[in-house]
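*Asks:* Need a 3D model of the following:
(chains A and B)
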Amino acid sequence: MPGAQSPTKATKFKLHHLRAEEEHESLRITSMMDMMTIILVFLLKTFSTQGDLSATEATLVLPESDNENEAGFVDRLAIGQDQIFFNEDRVMSTMEAQGSDDLVIKPLQVVLEEAVEQQRNIASNIGEEEEELTDRLKIMILLDENHLFSLAKSVVSTAAASGYLSISLAATQNLQKYATGE
Amino acid sequence: MAGGEDHLIPVMNLMVILIPFLIKMAVFVTTVTLQVTLPPRAAGGGGSAGGVEQTLLMVGVHPSKGFLITNDRGFLPWIPLKDGRYDYDQLQMVLKEDVKDAIPIYSDHEEIYLAIPDEVPFYEVVTLMDTVRGDLREEKIESVADAQKWGVEFQPNQDQSVYVAELFPSVIFGGAVPQ
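*Replies:* Numbering: from 1, shown residues only, chains lettered A, B, ... in the order given. The predicted structure is shown next:
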């Protein structure tokens, strides 16, 4: 600025000293915020991938297993204590499924067949071979541990009848299950 | 307080509440899967397709009698309940010592049929599936030959391994429930 005097060395030192004092007095929370943000993002990620949303919604308790095969990105059918959910969409009540006279549960079959058809359409649109469909047509069944085998059998049969090529049952991993003599 | 930082205090408050909540609610569990198969429609299923020797092996469950291991040729003695519960340890021992190790056709066999009555709870079914599968051992895959042996795709420059079951990992639901 024309006419303005440049600060002397002593003034510069004073200003610097004052600023340093100010910084000492205030609480610097920016770095703490960074840390918190990282923790929050990490926790949110853990929250969404580890907790099974279908299982949460269907209110079910999975049985324990010492198996090592982790669930991938597959279609999920959760058979809860009261309701049946397919990929987080309610399909029917569990009681209705239990009361089915047929081995194949018809209302469930309709929903599963639709999903299979969608996967087949996607595969044909992107030019996938028939053999590659095995990777697409996978379903994981989350069944409450206290349901009876009759229901498990009906659900597995329905999934197979709907066109799923790979069917697996979900469990909570517990590597100590047998080690502790349970 | 420094100019811009005072706006962060409400955010900090929110985070301090959110983080303990998320830690409390997060489910630190791993969901695993157990592969199942239904019996083939063709009669006489089980065993290798086109194989001359029949290798059908089945474990039947009876709620009051226990387990019965059968194959095409006969059956082993019942494995009775122990203190009113299924004796999974004994079943695993018999499957290993009297079937897998003792009968040559079963040494490389993986399939097993489970004949389970409708009234058995699902958690017992999962325990039975774990039992007939046996312990798992980790096998490192370091070459194409290793990958072919275990039926997986070889991924070079990666730490690759598979879990191999000791007994019968391929479970098929079906068969006549023993009376």
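
*Asks:* Next one: B:Lys140 from B:Pro20, what distance?
*Replies:* According to CB to CB, to the nearest Å, B:Lys140 stands 41 Å off from B:Pro20. For every residue, glycine as well, the C-beta is placed using N, CA and C.

*Asks:* Give me the sheet partners of the longest strand along chain A and which way each runs.
*Replies:* In terms of residue count, the longest strand belonging to chain A (DSSP state E) is strand A:166-173. Strand A:166-173 sits in its sheet next to strand A:64-65 (parallel), strand A:138-143 (parallel), strand B:31-37 (antiparallel), going by DSSP bridges.

*Asks:* Redo these as TSV? Include distance to B:Gln90 and mean neighbour count.
*Replies:* Putting the strands paired with strand A:166-173 into TSV (distance: least, CB to CB, whole Å; neighbours: other CB atoms under 10 Å in any protein chain shown) gives the following:
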stretch	distance to B:Gln90	mean neighbour count
strand A:64-65	20	24
strand A:138-143	27	24
strand B:31-37	22	20
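
*Asks:* So which of the ones you listed is nearest B:Ala147?
*Replies:* strand B:31-37 (19.6 Å; CB to CB).

*Asks:* Let me see the mean pLDDT of that closest one.
*Replies:* The average pLDDT within strand B:31-37 is 85.

*Asks:* what comes into contact with it?
*Replies:* A:52, A:55, A:62, A:65, A:67-71, A:140, A:142, A:156, A:166-173, B:126, B:129-130, B:169-173 (CB atoms under 8 Å, 6 or more residues apart in numbering or on different chains).

*Asks:* what do you get for stretch A:122-129?
*Replies:* Looking at stretch A:122-129 with CB under 8 Å, 6+ apart, the contacting residues turn out to be A:Glu132, A:Leu133, A:Arg136.

*Asks:* coming back round to it: how about the strands paired with strand A:166-173, which one is nearest B:Asp108?
*Replies:* The closest of those to B:Asp108 is strand B:31-37. By CB to CB, the value is 18.1 Å.

*Asks:* Count the neighbours of A:Phe42 for me.
*Replies:* A:Phe42: 11 surrounding residues under other CB atoms under 10 Å in any protein chain shown.

*Asks:* re earlier: can you say which of the contacts of strand B:31-37 are buried?
*Replies:* Among these, those classed as buried by 16 or more other CB atoms under 10 Å in any protein chain shown are A:52, A:55, A:62, A:65, A:67, A:69, A:71, A:140, A:142, A:156, A:166-173, B:126, B:129-130, B:169, B:171-173.

*Asks:* Next, the contact list for A:Val111, please.
*Replies:* Contacts of A:Val111 (CB under 8 Å, 6+ apart): A:Phe86, A:Asp89, A:Val91.

*Asks:* what do you get if the cut-off is 6 Å, keeping everything else the same?
*Replies:* By CB atoms under 6 Å, 6 or more residues apart in numbering or on different chains, the contact list for A:Val111 reads A:Phe86, A:Val91.

*Asks:* From chain B, how far out is it?
*Replies:* 19 Å (CB to the nearest CB, to the nearest Å).

*Asks:* And the pLDDT at that residue?
*Replies:* A:Val111 is given a pLDDT of 94.

*Asks:* swap in the one 5 residues further on?
*Replies:* The confidence metric pLDDT takes the value 91 at A:Val116.

*Asks:* And for B:Pro63?
*Replies:* pLDDT, B:Pro63: 90.

*Asks:* Near it, how many residues? Count them for me, please.
*Replies:* B:Pro63 has 13 nearby residues by other CB under 10 Å.

*Asks:* swap in the one 5 residues further on?
*Replies:* When counting by other CB under 10 Å, one arrives at 19 neighbours for B:Leu68.

*Asks:* Buried residues of the helix or strand harbouring it, list them for me.
*Replies:* For B:Leu68, the host element (DSSP states H and E) is strand B:66-71. The neighbour-count check on strand B:66-71 (16+ other CB under 10 Å) flags B:Gly66, B:Phe67, B:Leu68, B:Ile69, B:Thr70, B:Asn71 as buried.

*Asks:* quick one on the thing from earlier: please provide the alpha-carbon coordinates for the longest strand of chain A, formatted as PDB.
*Replies:* Output in PDB follows, covering the C-alpha atoms of strand A:166-173 (Å, rounded to 0.1, in the frame of the first residue of the first chain):
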ATOM      1  CA  SER A 166     -26.800 -72.700  -5.700                       C
ATOM      2  CA  ILE A 167     -28.600 -72.700  -2.400                       C
ATOM      3  CA  SER A 168     -26.900 -72.200   1.000                       C
ATOM      4  CA  LEU A 169     -28.100 -71.900   4.500                       C
ATOM      5  CA  ALA A 170     -26.800 -69.000   6.700                       C
ATOM      6  CA  ALA A 171     -25.300 -69.400  10.100                       C
ATOM      7  CA  THR A 172     -23.300 -67.300  12.500                       C
ATOM      8  CA  GLN A 173     -19.700 -68.300  12.600                       C
END
